[in-house]
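Visitor: quick one, what's the 3D model for this:
(one chain, ligands or ions: 1)
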Amino acid sequence: MPIISEPEDFHEDDLFVDLAATFGRSLYLKCEGFNFAGSIKLKAAREMVEAAERSGVLRPGTVLVESSSGNLGVALSILAASKGYEFLCVTDARCNLATKRLIETLGSRVHTIVEPDADGGFLAARLRYVRELCASDGRYLWLNQYTNPANWKAHYRWTAPSIARNFPDLDVLFLGAGTTGTLMGCARYFKEHHPRVTIVAVDAAGSVTFGGPAAPRMIPGLGTGVRPPLLDVSYVDDVVHVPEVDTVRACHRLARKGFLFGGSTGTVVSGALRWLAEFAPGGDPTAVAIAPDLGERYLDSVYQRGWVEEIYGPDALDLDHEETVTMLQSMGSAR
Ligand SMILES: Cc1ncc(COP(=O)(O)O)c(C=O)c1O
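Guide: Sure thing, here's the model as predicted:
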């Protein structure tokens, strides 16, 4: 029976969903949404805050500031409330209202960027605002999830060992790429401790992380308009890009089985299934993917029919018509 006094002390690290019943092939989904922040970002936030405390740059009176599309903002709000710091979350127009309300309810402030930069989109505009704020007022401390090594170290320390412990015969690990903290922490751990595991990064189509031209993306979490400084591609064996419409379809398929996950889970699951169909069509490798959060924060976007059809077209939610069927057929398990 876990009994805690601080909200950051609870994290369910050993819960996996077998997606065989949903998609007709085994893929284990590590669920990171069961903590008080509702996402995997609690681990990165805690590691970054505690590293800043240890180094002495975070002291009473410091105001934390961070650029976040939502989940890190919630996680830092919880840590700020728990440890007695002020926190300002800089986000953009794609951040959903419920997430902003959550951050404010936890006692932190939100600044929303409404105009993307011509070069680098919303992310570049958010980072510029944070830099200018820190330059103008010495009380502000930017933990900077995009460059802070504590971001990937959190996953090296917690996420990857949990996967290795639960799946000693793991063949392939699928990791979504946002700041690439999760990807780099897990990839480093497996390359050092279990190098036979294939590391596949899953990115949103239109993201510039692994090269390729930028294109508009509406679902927060994965993908960037600026190449993430934490990324070291030498640890990554393969990359899959997923169009947002496939993200949405995977989310709705999971929801119809009672599993309401966030947008990036749909991306990672869709990318993983496509990779498995292509590279392991007849075999049954032990495969794990990470679900960074749950779906309630996406009820006004990914799970709202009007929003989906306006952005992705009237066939977007025709789950029996699209690629998934072709993909399932190619795996010999069409239903
Ligand atoms: C919704 C969501 N998707 C994906 C990720 C993975 O991102 P990162 O590459 O920053 O570790 C996160 C953050 O942890 C997230 O909250």
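Visitor: which positions in the stretch 101-250 of the chain make contact with the ligand?
Guide: 176-183, 221-222 (C-beta under 6 Å from any ligand atom). The way it works is simple: take the backbone N, C-alpha and C, and place the C-beta from them, glycine included.
Visitor: which one of these sits closest to residue 45?
Guide: Top of the list for closeness to residue 45, among those and by C-beta to C-beta, is residue 181 at 10.5 Å.
Visitor: correct me if wrong: that closest one contacts residue 149.
Guide: No: Residue 181 is beyond contact range of residue 149, at 9.3 Å (criterion: C-beta atoms under 8 Å).
Visitor: overlap in contacts, these two.
Guide: Common contacts of residue 181 and residue 149 (C-beta atoms under 8 Å, 6 or more residues apart in numbering): residue 230.
Visitor: these two: who's more crowded?
Guide: residue 181 (31 against 15; other C-beta atoms under 10 Å).
Visitor: and the more buried one, what's its pLDDT?
Guide: On pLDDT, residue 181 comes in at 98.
Visitor: next: residue 118.
Guide: Residue 118 is given a pLDDT of 85.
Visitor: check contacts around it.
Guide: The contact partners of residue 118, by C-beta under 8 Å, 6+ apart, come to none.
Visitor: show me where this protein has strands.
Guide: For the chain, the strands defined by DSSP state E occupy 16-18, 28-31, 63-67, 86-92, 109-113, 140-142, 172-176, 198-204, 238-242, 287-291.
Visitor: in CSV, list the ones you listed along with mean pLDDT.
Guide: Converted to CSV, those look like this (pLDDT from 0 to 100):
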stretch, mean pLDDT
strand 16-18, 98
strand 28-31, 98
strand 63-67, 95
strand 86-92, 94
strand 109-113, 95
strand 140-142, 97
strand 172-176, 98
strand 198-204, 98
strand 238-242, 98
strand 287-291, 98
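Visitor: now those as JSON lines including mean neighbour count?
Guide: Formatted as JSON lines, the strands of the chain follow (neighbours: other C-beta atoms under 10 Å):
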{"stretch": "strand 16-18", "mean neighbour count": "16"}
{"stretch": "strand 28-31", "mean neighbour count": "22"}
{"stretch": "strand 63-67", "mean neighbour count": "24"}
{"stretch": "strand 86-92", "mean neighbour count": "22"}
{"stretch": "strand 109-113", "mean neighbour count": "17"}
{"stretch": "strand 140-142", "mean neighbour count": "18"}
{"stretch": "strand 172-176", "mean neighbour count": "27"}
{"stretch": "strand 198-204", "mean neighbour count": "25"}
{"stretch": "strand 238-242", "mean neighbour count": "20"}
{"stretch": "strand 287-291", "mean neighbour count": "25"}
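Visitor: need those in CSV with distance to residue 303, can you?
Guide: Formatted as CSV, the strands of the chain follow (distance: least, C-beta to C-beta, whole Å):
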stretch, distance to residue 303
strand 16-18, 18
strand 28-31, 18
strand 63-67, 26
strand 86-92, 20
strand 109-113, 22
strand 140-142, 33
strand 172-176, 19
strand 198-204, 18
strand 238-242, 18
strand 287-291, 15
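Visitor: neighbours of residue 230, just the number please.
Guide: Residue 230: 18 neighbours (other C-beta under 10 Å).
Visitor: how about the one 4 residues further on?
Guide: Residue 234 has 7 neighbouring residues, counting by other C-beta under 10 Å.
Visitor: distance check, the residue nearest to residue 186 when sequence neighbours are not counted against the ligand.
Guide: Nearest non-adjacent residue to residue 186, counting by C-beta to C-beta, 6 or more residues apart in numbering: residue 160, 4.3 Å away. Residue 160 sits 12 Å away from the ligand, going by C-beta to the nearest ligand atom, to the nearest Å.
Visitor: now do the same contact list for residue 160.
Guide: 185-186, 188-190.
Visitor: try residue 215
Guide: Neighbours of residue 215 in contact, by C-beta under 8 Å, 6+ apart: 205-206.
Visitor: same question, the one 4 residues further on
Guide: The contact partners of residue 219, by C-beta under 8 Å, 6+ apart, come to 94, 204, 244, 247-248, 263-264, 267, 298, 301-302.
Visitor: which residue packs closest to it, ignoring adjacent ones?
Guide: residue 263 (4.0 Å).
Visitor: how deep is that neighbour tucked in, by neighbour count?
Guide: The number of residues packed near residue 263 is 27, by other C-beta under 10 Å.
Visitor: surely it touches residue 298?
Guide: Yes: when contacts are counted by C-beta under 8 Å, residue 263 is listed as touching residue 298 (5.5 Å).
Visitor: please enumerate the shared neighbours of those two.
Guide: 219, 251.
Visitor: mind listing what residue 150 touches?
Guide: 44, 47-48, 50-51, 143.
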